[in-house]
Structure formats: C-alpha cells, structure tokens
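**Student:** have a look; sequence and predicted model below, questions after that.
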Amino acid sequence: MTDDIIAIDGPAGSGKSSVARLLADRLGWSVLDTGAMYRAVTSEALHLGLAPDDTGAVARVAQRSLIETRPRVSINGRDVHDEIRSDVVNVAVSVVAANPAVRAAMVQRQRAIAADEPGGLVVEGRDITTVVFPHARVKVYLTASLDERARRRGEEGGESVARRDHADSSRETSPLRQAEDAIALDTTGLSVDQVVEEIVRCLKNTTSD
Ligand code: CDP
C-alpha cells in the first residue's frame, strides 16, 4: 500500500479533476478519478435498463462489474468515457452514489487500487478525505463560488450543479463535507496551476516535518 496519497474532495466544478491530473503529472504519481467509477456504474445500470433507484440490482452491477478508469473509462469492456458525462448520467449518478452497497463496493475497490500502487497516488472525489483515505498525507477540500463552478461546466444559472451539490451533501451515507483536518482551498479566480502549486507546497511541508 502506498503511503503517498493526496486526497482531494469538493463539489462539482471545484476543479478536482483538472487539479488532480496536473498534480499527478507534476509529481510523477498516478491519479484516480472516483467520480468516474460512480458514473460508470450509473451508465451500466442505465444500459441494462435498470432504474437508478433499484438499489439491489444496481448494487449487484457495482459489485460484479469490471471498471477501468485509465486511460479511458470503461465498464465490462464497454467504453463509456464520453457517455458518462451525458445529461442522463449527470441526473442519475447522485441516486446511484447514495446507495450504501454501491459505495461499499467502490470504497473497497479504491483501497485495493491504492494497495497495488507502487508509487504515489492522487485520489479525487466526495468522500476521499473523510472515508476512503482519512490518513492520506495531504487532504484538500476544494471549493469555488456556485457561479464560477457553473461557468466551468458551461452551465447557465448553475441549476444542475446546485442540484447535485444538494444531493451529495444531504445524503445519509458519506455525504460531501470538509474533513476537520483538510486544507480548504477556494479556487474562485485561481488557475489550475496556482492550486497545484499550493498543494505541492503542502506536500513538501509534510516531508520536512
Ligand atoms: O466532476 P464532477 O464533480 O461533476 O463529478 P464527479 O467527480 O465525476 O462525480 C459524479 C458524482 O458521483 C457526484 O455528484 C457524486 O454523487 C458521486 N461521487 C461520490 O458520491 N463519491 C465520490 N468519491 C465521487 C463521486
């Protein structure tokens, strides 16, 4: 199990994916986009004609499917890289991600991926700092104003971003929240590069302690 984990959580459009990718590139580490895993399960459930709230059947999909996130996102050999960003998946993913059995299956896989990782790993999602890797070397909570997050998503008004914020923060199992010991970074008006620099600085502080 690698001890070199940087855990990043935050709401939609806070910059997690871009920051995680650039950070991993800069450090020569691997990256894990856990949102892509929930999205892949959602896409597969819809592909099989399941209702997103059919908890038992969707949980079985989560438990039995082969999910790859790199270099492209696929589930059971089917490339869903682009499809997972569609409006139907955007709407259904919060329902699927609120399913405790789906979450248990994803968390188990995420820890197994880290256990197999020979180098460092940047992991981003909603429950990474609080549930999956609470002992990560660096824990970051990214935020940004709703306006800016909606703009980054090319969305006017930010309704769908706000709807997902609400669903993710109010669900019973592993809601999105800032871990007490996470570094909070407001990325409003900051470039991806600036955020990455700040996290690299935090990482260096952990080594010199
Ligand atoms: O990129 P964006 O922030 O829009 O979303 P994402 O990271 O791809 O995650 C999509 C959805 O999956 C979120 O709205 C959450 O409902 C769920 N998710 C989660 O519950 N836990 C995670 N660790 C990652 C994502």
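**Tutor:** Right, received. Where do you want to start? All values derive from a computational prediction rather than experimental measurement. Numbers count the residues shown, from 1 in each chain.
**Student:** what residue is smack in the middle of the protein?
**Tutor:** Nearest residue to the geometric centre of the chain (CA atoms, centre = their mean): G125, 2.2 Å.
**Student:** report all helices and strands that the host helix or strand of H166 contacts.
**Tutor:** Taking DSSP states H and E as the definition, H166 sits inside helix 159-170. With contacts defined as 3 or more CB pairs under 8 Å, 6 or more residues apart in numbering; DSSP states H and E, helix 159-170 has these neighbours: helix 87-97, helix 146-152. All C-beta atoms are positioned from the backbone trio N, CA, C, and that covers glycine.
**Student:** got a list of what the closest residue to A105 other than its chain neighbours touches?
**Tutor:** Spatial nearest neighbour of A105, chain neighbours left out: A62 (4.2 Å); criterion: CB to CB, 6 or more residues apart in numbering. If you count contacts by CB atoms under 8 Å, 6 or more residues apart in numbering, A62 has them with V41, N99, A101, V102, A105, M106.
**Student:** and if we set it to 6 Å?
**Tutor:** V41, V102, A105 (CB atoms under 6 Å, 6 or more residues apart in numbering).
**Student:** most neighbours, which of these?
**Tutor:** V41 (30 neighbours; other CB atoms under 10 Å).
**Student:** how confident is the prediction for it, by pLDDT?
**Tutor:** What the model reports as pLDDT for V41 is 99.
**Student:** which residue ranges of the chain form strands?
**Tutor:** 5-9, 30-33, 67-68, 74-75, 78-79, 121-125, 138-143, 183-186 (DSSP state E).
**Student:** can you lay out those as CSV showing distance to R164 and mean pLDDT?
**Tutor:** Output for the strands of the chain, formatted as CSV (distance: least, CB to CB, whole Å; pLDDT from 0 to 100):
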stretch, distance to R164, mean pLDDT
strand 5-9, 14, 98
strand 30-33, 16, 98
strand 67-68, 21, 98
strand 74-75, 21, 98
strand 78-79, 24, 98
strand 121-125, 13, 98
strand 138-143, 14, 98
strand 183-186, 19, 97
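**Student:** so which of these comes closest to the ligand?
**Tutor:** strand 121-125 (2.4 Å; CB to the nearest ligand atom).
**Student:** so which elements touch the closest one?
**Tutor:** strand 5-9, helix 16-27, strand 30-33 (3 or more CB pairs under 6 Å, 6 or more residues apart in numbering; DSSP states H and E).
**Student:** and D87, how far is that from the ligand?
**Tutor:** Distance, D87 to the ligand, using CB to the nearest ligand atom, to the nearest Å: 12 Å.
**Student:** repeat for E117
**Tutor:** 17 Å.
**Student:** for the ligand, what are the nearby residues on the chain?
**Tutor:** The chain comes close to the ligand at residues 12, 17, 34-36, 38-39, 93-94, 97, 125-128, 164, 168, as judged by CB under 6 Å from any ligand atom.
**Student:** which PyMOL command selects the buried ones in those?
**Tutor:** Applying 16 or more other CB atoms under 10 Å to the residues of the chain next to the ligand leaves a buried subset, and the PyMOL line that selects it is:
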select buried, resi 12+17+34+35+36+38+39+93+94+97+125+126+127+128+164+168
